[in-house]
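>>> Next comes the sequence, and after it the predicted model I'd like to discuss.
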Amino acid sequence: MLTARRLGKRYGEKRVLRGIDLALPRGGFLVVTGPNGAGKTTLLRICAGLAQPTEGTIERNATRGQVGYLGHEPLVYRELTALENLDLYGRLYRVPERRERIGMLLERFGLWEARHDRVGSYSRGMTQRLALCRVLLHEPELLVLDEPYSALDEAGAELLDAQLAELRGERTCLLATHDPARVRPLASGALALST
Amino acid sequence: MTTYVRDVGALARKDLLLELRARDTLPAMLLFVAAIFVVFHFALPGTPSRLETTGFLWVAILFTALLGLGRAFVPEREQRTMDGLVLAPCDRSAIWLAKSLATLAFLVAAEVVALPLYALFFHGLDGATVAAVILADLGICAVGTFLGAMAVVTRARDLLLPLLFLPLAMPIVVGAVGASVVDSPGRYLGFLALYDVLFAVVCWASFEYVVAE
């Protein structure tokens, strides 16, 4: 699904990533760890197709619409409601039976009652739950999750655990975290980056 | 084609909803254009000629548009939602077209107030001027939205947009002023239409490269 060879990234003079090799087969689950500034986010952005490497090559057997990317920001509009945000993404990502799928995800992530509220009124944890709904909405082949547990309370984290366990083997997942123990039971491989 | 139109519709609806809720852009544009006419009205001694006030009209329209264009991609920048949009399987030019249409709606709304104010303070408007306003709006929004997307990812975005936009808007000013003051405006209106088509095609075709890293 994802193969990278000698991957590197520079921003001007600053090198943020160097010599990364990875091979992630379809259905694989790779956990990326490393201290702040090690290049986890940059690597994930390259893998999602949001950034281009300055060195090396990357092959991704997933088209743009088959990638589900969760970054540090939830990528939702604060002035829109949860329903409006998911409806927009559902339309753009060509989600079949969009309304049913949105309803199911909002129920699962405990946001159904707040579906008509503007995201700006949500707590950070609720916004992160909505971001996860957005990522899973189009049932992506490749999930790229950058610290998905951040801002989630224990209940939210357990929901995500359950969701990832459900998808394990069916979807390919690349997940960066500072808490690798949490996803160790799901992982098929690990990549430790250093500064 | 239908899918493309639907994508543009969904994105433009989103932009209009955002403005309806946040009211960040349109009130500022309305206040600005009204203020600029009031300032011109009191700053000019005597009765300015039609030729002079036509120039003021176009200065006011251009800078009001600039205000709206500067805000066009602010939600995407502040909430980083462009990542979510560019990963969608839709044609990326739909983002540009939808944003241009939303900006056009704001500009037209501002002009609905601005043009009667202009007529009240200075001179009445003829059909050629109104036609020039419509054609100029199309060009301003097509080019300005494209440049707004380029500028928004830079640190000097507030500076960069006027620096890029104003030189490219010069043909619009030439065409629009020409159409407003000559007796046979056909040639100038044709020039504006040509500018619109040419730049719309260029922006539509190259927007993909603006949003890709």
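Noted; the coordinates are in hand.

>>> Just want the residue of chain B that's nearest chain A.
residue B:89 (2.9 Å; Cβ to the nearest Cβ). Where you see a C-beta, it was placed from the backbone N, CA and C, and this is true even at glycine.

>>> and that residue, what element?
Applying DSSP states H and E as the criterion places residue B:89 outside every helix and strand.

>>> and the residue lying closest to it once chain neighbours are set aside, how far is that from residue A:168?
Excluding the flanking residues, the one nearest residue B:89 by Cβ to Cβ, 6 or more residues apart in numbering or on different chains is residue A:65, at 2.9 Å. Counting by Cβ to Cβ, to the nearest Å, the gap from residue A:65 to residue A:168 is 22 Å.

>>> Repeat that for residue B:40.
From residue B:40 over to residue A:168 the distance is 67 Å, taken as Cβ to Cβ.

>>> who has more neighbours, these two?
Between residue B:40 and residue A:168, residue B:40 has the larger neighbour count (other Cβ atoms under 10 Å in any protein chain shown), namely 20 against 17.

>>> what's stretch B:171-185 in contact with?
Contacts with stretch B:171-185, where a contact means Cβ atoms under 8 Å, 6 or more residues apart in numbering or on different chains, come from B:50-51, B:54-55, B:57-58, B:61-62, B:126, B:128-129, B:131-133, B:135-136, B:139-140, B:187-189, B:191-192, B:195.

>>> Can you check the pLDDT for the closest residue to chain B within chain A?
Of the residues in chain A, the one nearest chain B is residue A:65, at a distance of 2.9 Å by Cβ to the nearest Cβ. Residue A:65 is assigned a pLDDT of 90 by the prediction.

>>> Would you confirm that it contacts residue A:138?
Yes: the criterion here is Cβ atoms under 8 Å, and residue A:65 meets it with residue A:138 at 6.7 Å.

>>> And the two? Which one has more around it.
Between residue A:65 and residue A:138, residue A:138 has the larger neighbour count (other Cβ under 10 Å), namely 23 against 17.

>>> Leaving out the residues flanking it, which one is nearest to the more buried one?
When the adjacent residues along the chain are set aside, residue A:138 lies closest to residue A:93, with 3.8 Å between them (Cβ to Cβ, 6+ apart).

>>> Please work out how many residues are found near that neighbour.
Using other Cβ under 10 Å as the criterion, residue A:93 is surrounded by 22 other residues.

>>> mind checking the SS state of the residue of chain B most remote from its centre?
With distances taken from the mean C-alpha point of chain B and given as Cα atoms, centre = their mean, the most distant residue is residue B:46, at 31.4 Å. For residue B:46, the secondary-structure state derived from DSSP: H, G, I helix; E, B strand; the rest coil is coil.

>>> quick one: contacts for residue A:174?
Going by Cβ under 8 Å, 6+ apart, residue A:174 touches A:2, A:24, A:30, A:32, A:44, A:47, A:142, A:143, A:144, A:145.

>>> Also residue A:3?
With the criterion set at Cβ under 8 Å, 6+ apart, residue A:3 makes contact with A:22, A:23, A:24, A:58, A:59.

>>> And those residues, which of them are buried?
The neighbour-count test (16 or more other Cβ atoms under 10 Å in any protein chain shown) applied to the contacts of residue A:3 identifies A:22, A:24, A:58 as buried.

>>> restrict these to contacts with chain B.
Residues of the buried ones among the contacts of residue A:3 in contact with chain B (Cβ under 8 Å from any Cβ of the partner chain): none.

>>> Run through the helices of the chain in chain order.
Defaulting to chain A. With DSSP state H, the ranges of helices along chain A come out as A:40-48, A:82-92, A:98-108, A:124-136, A:154-167, A:180-183.

>>> please go with chain B instead
With DSSP H as the definition, chain B shows helices at residue ranges B:2-22, B:26-43, B:50-71, B:74-78, B:82-86, B:93-121, B:127-152, B:157-181, B:186-211.
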